[in-house]
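A.B. asks: Quick check, what structure comes out for this input:
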Amino acid sequence: MDAIKIENLTKYYGKSRGIERVNLTVAEGEFFGFIGPNGAGKSTTIRTLLGLISPTSGRASVFGLDIEKDKEKILARVGYLPSEAVFYSGMRVGGVLKLSADLRRKNCRETAAWLCQRLQLDTTRKVEELSFGNRKKVAIVCALQHDPKLLILDEPTSGLDPLMQKEFFEILRERNETGTTVFLSSHILSEIQRNCTRAAIIREGRIIACDSVDALSQTSARRVTVHGSVVLDGLDGIRDKKDGPGTVSFLYSGDMNSLLRALAGGHISDLSVSEPDLEEIFMHYYEKDGDKV
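C.D. replies: The predicted model follows:
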């Protein structure tokens, strides 16, 4: 069964574009990445999918349940972490976690305690006294403590320090290994590359690519870094050229023999050729013409 199935989903805010004709399928048990910068349509897609806002057109389902007709059933199976979490002032962390569990009519005390221990979260503190990172931890526990079948996480690591980010992804991988589907929305590409098996890229409200992370990372381009002096004028296939003192670095997708001839005419003290990382490749999906390197 598909955990998520989206068909031509469109959302407009008046005349303003939210998302347009989004099509996406996430299989049950996948660790799926949803990539795009702020304003690309990630949060709109998620909120529409969860029934928090109504679609303008199109349809979607979660575990075969319609997002408009079966909102309550869907929310019972989902753990949702919004990009920004807001809690009732005056409440202590423990009270927030209990309220979240009570709303789901579940006793989550044991799992909540285990998660709080791993995330180093003090349940006796008042929520208004917490830093942004600790508020994010509270939201993480609320999303995970009822052992949902699907986790939908919108920019989950903002505010977390590197050690907590590492622990958080350890928890997600453990959940995924037991069959939980993880839908991770992020603009931090290293998170997607390290943790997800497949990913979709959204630009200006539309999906522009969807494939395995390995396939999205494949490119004929190479990152070339030259230490010394070399003349590259007129050499086709150079992109993202960066010049520094005695160094030039660029992405190259042209003919290698032409590159070697140009390099042979220079004075080079060192040379490195490597594959570009996902972040460099991703930026080329966002070029105006949408061409991949």
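
A.B. asks: Nearest residue to the middle of the protein?
C.D. replies: Ser186 (2.5 Å; C-alpha atoms, centre = their mean).

A.B. asks: ok, that one touching Gln193?
C.D. replies: No. Using C-beta atoms under 8 Å, Ser186 is not in contact with Gln193, being 10.4 Å away. From N, CA and C alone the C-beta is placed, and that goes for glycine too.

A.B. asks: List the contacts of Ala27.
C.D. replies: Asp2, Ala3, Thr181 (C-beta atoms under 8 Å, 6 or more residues apart in numbering).

A.B. asks: what about Lys136, which helix or strand?
C.D. replies: helix 132-144 (DSSP states H and E).

A.B. asks: can you give me the mean pLDDT across that helix?
C.D. replies: Averaged over helix 132-144, pLDDT sits at 95.

A.B. asks: helices and strands around that helix, which ones?
C.D. replies: strand 78-81, helix 93-103, helix 109-119, strand 150-154, helix 162-177 (3 or more C-beta pairs under 8 Å, 6 or more residues apart in numbering; DSSP states H and E).

A.B. asks: That helix: which residues count as buried?
C.D. replies: Residues of helix 132-144 classed as buried under the neighbour-count rule (16 or more other C-beta atoms under 10 Å) are Asn134, Arg135, Lys136, Lys137, Val138, Ala139, Ile140, Val141, Cys142, Ala143, Leu144.

A.B. asks: Repeat that for stretch 24-36.
C.D. replies: So stretch 24-36, judged by 16+ other C-beta under 10 Å, has buried residues Leu24, Val26, Gly29, Glu30, Phe31, Phe32, Gly33, Phe34, Ile35, Gly36.

A.B. asks: got the contact list for the first one?
C.D. replies: It stands for Leu24. Ile4, Lys5, Ile6, Thr45, Ala200, Ile207, Cys210.

A.B. asks: so which strand or helix has the last one?
C.D. replies: The reference is to Cys210. strand 206-212.

A.B. asks: same deal with the first one?
C.D. replies: Using DSSP H and E, Ile4 sits in strand 2-13.

A.B. asks: hang on, the earlier thing: quick check on the residue nearest to the centre of the chain: phi, psi?
C.D. replies: Here is the backbone geometry of Ser186 (degrees, to the nearest 10): phi -160, psi 150.

A.B. asks: Can you check the pLDDT for it?
C.D. replies: pLDDT at Ser186 comes out at 87.

A.B. asks: how close does Leu9 sit to Ile201?
C.D. replies: 16 Å (C-beta to C-beta, to the nearest Å).
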